[in-house]
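J.: Provided below for reference: sequence and predicted model.
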Amino acid sequence: MSDIRQTEKAASSGLTRRGKILYEVNPSVMGRSFRTRISTGKQTRGGSAYMIASNTGEVIAEGTFGFVEESEVDSEKFVKVYLDGIRQYAQMSKAGAMLFEFVYREISGSAAKDKDTVTLNYLLAQRWKPDLARRTYERGMTELLDKDFLFRSVAADVYFVNVNFMFNGDRMVVARAYRRAGSSSRQEELPLSNPQLAPPQVAP
């Protein structure tokens, strides 16, 4: 059983829609820790460089200079797809691959950065691809759900994105938001589209 499926009791509402579990929080984030990204902080003189954990600022190691060429990426088109996601994508049907492209486009861009939810429905898909048949849309969406690219939320047409497969932004931002929420199922930093599902927090 996958780690994601093991979190179902803690993360699900106990409800289903079309045979799929409805989640109150993203099961791909709950209880997860992600790899710490390492950045190199260089001194202008002296020949020393330090490896620093980006989330804590802790100095991990000291070494010699290293030079890395960085290029700016168009934020309107860039989404990270991780190895597990590539493996699942390789097994998709034509309908599944088509709907993956639709989801990819929907979670791209600065407006979707660091968000783990996406709004999807047939009408939105038709705007992207006018000749898309409803049956193709439904087959593709079912495949994305079956392969854990997406999870149904308790809000209609709102899906959680599996951040282990693909994500636009920094997954640590999402993980920290969930940890701050503690045992509560409410996500103040990552609200669903229906504000009634996220009641205001009462101060202790």
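T.: Done, it's in.

J.: in this structure, what secondary structure element scores lowest on mean pLDDT?
T.: Scoring the helices and strands of the chain by mean pLDDT, DSSP states H and E places strand 38-42 at the bottom, with a mean of 45.

J.: got the contact list for stretch 165-174?
T.: With Cβ atoms under 8 Å, 6 or more residues apart in numbering as the test, stretch 165-174 has contacts from 26, 28-29, 34, 37, 55, 78-82, 84-85, 88, 104, 107-109, 112-116, 148-149, 161, 163, 190. Backbone N, C-alpha and C define where each C-beta goes, glycine included.

J.: Would you mind checking the residues you listed for buried ones?
T.: 26, 28-29, 79, 85, 88, 104, 107-108, 112-116, 148-149, 161, 163, 190 (16 or more other Cβ atoms under 10 Å).

J.: Narrow the residues you listed to those in strands?
T.: Of the positions in these, residue 161 sit in strands, assigned by DSSP state E.

J.: Looking at the buried ones among the contacts of stretch 165-174, which are in helices?
T.: 85, 88, 104 (DSSP state H).

J.: how about TSV for these, with distance to residue 121 and pLDDT added?
T.: TSV is the format used below for these (distance: Cβ to Cβ, whole Å; pLDDT from 0 to 100):
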residue	distance to residue 121	pLDDT
85	22	89
88	22	89
104	16	93
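
J.: mind giving me CSV with those residues and columns for distance to residue 169?
T.: Listed next are these as CSV, based on distance: Cβ to Cβ, whole Å:
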residue, distance to residue 169
85, 15
88, 20
104, 14
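
J.: Please consider this matter closed, and thank you.
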